[in-house]
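Asker: Could you look at this predicted model? Sequence included:
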Amino acid sequence: MAGSEVKADLWIKEYITPWDVYEHGIQKVLAYKKTAFQEMYIVETGAYGKGLVLDGKWQSCTGDEFLYHEPLVQPAAIAHGAPRTALVLGGGEGATIRELLRWHTLERVVMVDIDGEVVAACQEHLPEMHQNAFDDPRTELVIGDALNYLDTTPTRWDIVISDLSDPIEEGPSFQLFTQEYFQKIKQVLAPTGYFVVQAGPVATAEIRLHARLVNTLKTVFTNVVSYNSPVPTYAVPWGFALASDQAIDTRPQPEAVDRLLAEKTRGGLRLIDGITLLGLLQTPTYVRQAIADHPEIYTLKEPPKFFGKGIVPEAGDVS
């Protein structure tokens, strides 16, 4: 293209829809592993820093991960007001527990991830994301199956966060976006607790997955709020769903939120404050309409199937 200067020879190609592709220019592959559960790359990009790629799907990167991890965690924590216990299902990079550990009230956070090799690689290569969260005495790391943990934990958690990889059929997590899974979550959530799930893209061409996830949650929880955040390296705005049997204030006073964050967190947030939270919780019209138009729910008999995998060159092709 005239006037363009392309600086990458290696590209990760991710299929967004059957007609759309998003490519990331890569400077270096920092780690590669085909684990028992998935194929992992940790790469250095030219524009957005270091990134984690699982089964060819972009997970997060140092340049814009705060646009994903802060909205994943902070709306639930703010809604609760003083969380003491938190359970994270997934969360390999450690950035989700990092966000929870901002709260002075937090006494215990447990992160359960099925793939210890991915977690170990993130601990080594992505310190910008976890920021030593794994070393915090409040953190407990469990390498194991999320469903088994939900079946055996005696704790009733103030916050549960489902930070799982996208539900592609070949991956380890596609069954964990179903009504049965959400029912297990409710059983371990404190009566005053809040649950949040990363709920897929909300681009108009792909919104059916998000809409059906929201409707699935509505069969389990009294209150469910859809919200989203723009994450440049995902190519599309990314959806979340906040659920609870407690009321969810979708019009919080910005000044009150700012006071709460100043009093009960160590600060350092780059996205979330009172004004931003107020804006996030205003579900756009087209999303509300999609939720109304797709009332079907996901079950173990009919789980979600996320579109496609990406393409990454063989590890031996790069250095």
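Answerer: Cool, got the structure. Residues are numbered from 1 along each chain as shown.

Asker: mind saving the C-alpha coords of stretch 220-236 as CSV?
Answerer: Extracted in CSV, the C-alpha atoms of stretch 220-236 (Å, rounded to 0.1, in the frame of the first residue of the first chain):
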residue,chain,number,x,y,z
VAL,A,220,-29.7,-18.6,37.1
PHE,A,221,-29.4,-15.1,38.6
THR,A,222,-32.0,-12.5,39.5
ASN,A,223,-30.0,-9.5,38.1
VAL,A,224,-27.7,-9.5,35.0
VAL,A,225,-26.0,-6.5,33.4
SER,A,226,-24.3,-6.6,30.0
TYR,A,227,-21.4,-4.2,29.4
ASN,A,228,-18.4,-3.9,27.2
SER,A,229,-15.0,-2.4,26.7
PRO,A,230,-13.1,-1.5,23.5
VAL,A,231,-9.9,-3.6,23.3
PRO,A,232,-7.8,-2.7,20.2
THR,A,233,-6.0,-6.0,19.9
TYR,A,234,-9.2,-8.0,19.9
ALA,A,235,-10.3,-6.0,16.8
VAL,A,236,-13.8,-5.7,18.3
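
Asker: With just CA atoms, put the longest strand along the chain into CSV.
Answerer: Longest strand in the chain, counting residues (DSSP state E): strand 20-34. C-alpha atoms of strand 20-34 as CSV (Å, rounded to 0.1, in the frame of the first residue of the first chain):
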residue,chain,number,x,y,z
ASP,A,20,-12.8,-11.1,8.4
VAL,A,21,-9.2,-11.6,9.6
TYR,A,22,-7.1,-9.6,12.1
GLU,A,23,-3.3,-9.9,11.8
HIS,A,24,-0.7,-9.0,14.5
GLY,A,25,2.9,-8.3,13.4
ILE,A,26,5.3,-10.3,15.6
GLN,A,27,8.9,-9.4,16.3
LYS,A,28,9.8,-12.4,18.3
VAL,A,29,8.4,-15.6,19.8
LEU,A,30,9.3,-15.7,23.5
ALA,A,31,7.8,-19.0,24.4
TYR,A,32,6.0,-21.9,22.6
LYS,A,33,4.4,-25.0,24.1
LYS,A,34,1.9,-27.5,23.0
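
Asker: could you give me the average pLDDT of the helix or strand just after that strand?
Answerer: Proceeding N to C from strand 20-34, the next assigned helix or strand is strand 39-45, under DSSP states H and E. Computed over strand 39-45, the mean pLDDT rounds to 93.

Asker: Give me the average confidence score over the helix or strand harbouring residue 160.
Answerer: Take DSSP H and E as the rule and residue 160 turns out to sit in strand 157-163. For strand 157-163, the mean pLDDT works out to 96.

Asker: Now do the longest strand of the chain: everything it contacts.
Answerer: Here strand 20-34 makes contact (CB atoms under 8 Å, 6 or more residues apart in numbering) with 6-8, 10-16, 39-48, 50-51, 58, 117-118, 121, 124-125, 205, 233, 235, 315, 318-319. C-beta here means a position set from N, CA and C on the backbone, and glycine is covered the same way.

Asker: Show me what the strand holding residue 160 is packed up against.
Answerer: Applying 3 or more CB pairs under 8 Å, 6 or more residues apart in numbering; DSSP states H and E, one finds that strand 157-163 contacts helix 66-80, strand 85-90, helix 95-100, helix 179-188, strand 189-201.

Asker: Save these as TSV, and put in mean neighbour count and distance to residue 133 too.
Answerer: Output for those, formatted as TSV (neighbours: other CB atoms under 10 Å; distance: least, CB to CB, whole Å):
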stretch	mean neighbour count	distance to residue 133
helix 66-80	24	11
strand 85-90	26	10
helix 95-100	28	4
helix 179-188	19	22
strand 189-201	22	18
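
Asker: and the angle from the longest strand of the chain to strand 39-45?
Answerer: For strand 20-34 against strand 39-45, the angle by axes from the mean of the first three to the mean of the last three CA atoms, to 10 degrees is 110 degrees.
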